[in-house]
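Asker: take a look and give me a structure for this.
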Amino acid sequence: MTEGVAMEESPAEGVLSGIPNANSADLEFAERIIERLKPRNQQDLYNKAARQSKLGGMLITLMVVIWWLFIGVDGDNMTEGVSVFFNLDFGEVALAVMGLSLVSAILTEFSRDVGKILPSSAAGGMLILAGLYVAEPLVASMFLTDFLTFEEGMWRSVRLGILWGGMSVGSNQLVNALLLNWLIKFLDSNGIDFTGRGDSVHEMSSTSASQD
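Answerer: Take a look at the predicted model:
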């Protein structure tokens, strides 16, 4: 009984603390996911995973369609306005922005939940490079006479900005869905019925007390 009361009153204990036979690293990881994404209960956990997975898939698919319609077949002269960063043409720049946005979002979420510094640093560098690619057509068209017209530069930057934002948000949603899916499997494998943050602590405390 004493252990159950201590678990309920101790502010340092998390909602999943005191679970027998659970790996401590997995337990901490699950705690961080719950703290950040804040599922209210088991059903909300399933709903969030499905909703974010669906939204992420829709956004990334939409970005691919935008690339295909407004960059791949838009009639841009790819030999004009070649980027000074690695000499990529506009089509290659668009693909680079999409790839950098995807990988940086994955690394950011991974670093946030796992607590590693290196992935976050790499993600920051990728975001800077993606931002340079997005801004370059507009900025260069304003200062370089033999680059692009202002209208062409602005239209390219707008399209790249849409790809950058859409891929970043979509990737973030997919990563969150994967984390929630991992949490669901973790709870199921340990026989935990996640009924809510406050309810879970009370429920586990009662269970511990009954075992005493």
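Asker: okay, and Ile128 sits in which element?
Answerer: helix 117-143 (DSSP states H and E).
Asker: flag every buried residue along the host helix or strand of Glu28.
Answerer: Taking DSSP H and E as the criterion, Glu28 maps to helix 24-37. Residues 26-34, 37 are the ones in helix 24-37 that count as buried (16 or more other C-beta atoms under 10 Å). Where C-beta positions appear, they are placed from N, C-alpha and C, glycine not excepted.
Asker: from the contact counts, what lies against the very next helix or strand once past that helix?
Answerer: Next helix or strand after helix 24-37 toward the C-terminus (DSSP H and E): helix 42-67. On a contact count with 3 or more C-beta pairs under 8 Å, 6 or more residues apart in numbering; DSSP states H and E, helix 42-67 meets helix 90-114, helix 150-189.
Asker: same question for helix 42-67, mean pLDDT?
Answerer: The pLDDT scores in helix 42-67 average 93.
Asker: for the residue nearest the centre of the chain, what are its contacts?
Answerer: Nearest to the geometric centre of the chain sits Asn172, at 2.3 Å (C-alpha atoms, centre = their mean). Residues near Asn172 by C-beta atoms under 8 Å, 6 or more residues apart in numbering: 56, 105, 108-109.
Asker: top of those by number of neighbours, please.
Answerer: Most neighbours among the contacts of Asn172, by other C-beta atoms under 10 Å: Ala105, with 23 neighbours.
Asker: hmm, back to that, what's the helix holding Glu28 packed up against?
Answerer: helix 90-114, helix 150-189.
Asker: ok and that helix relative to helix 42-67, angle-wise?
Answerer: On the basis of axes from the mean of the first three to the mean of the last three C-alpha atoms, to 10 degrees, helix 24-37 is oriented at 70 degrees to helix 42-67.
Asker: quick one: helix 24-37 to chain centroid distance?
Answerer: 16 Å (C-alpha atoms, centre = their mean, to the nearest Å).
Asker: how about stretch 101-110?
Answerer: Worked out by C-alpha atoms, centre = their mean, stretch 101-110 lies 6 Å from the chain centre.
Asker: over to stretch 176-189?
Answerer: Relative to the chain's own centre, stretch 176-189 is displaced by 15 Å; criterion: C-alpha atoms, centre = their mean.
Asker: go on, stretch 147-167?
Answerer: So, by C-alpha atoms, centre = their mean, the centroid of stretch 147-167 is 23 Å from its chain's centroid.
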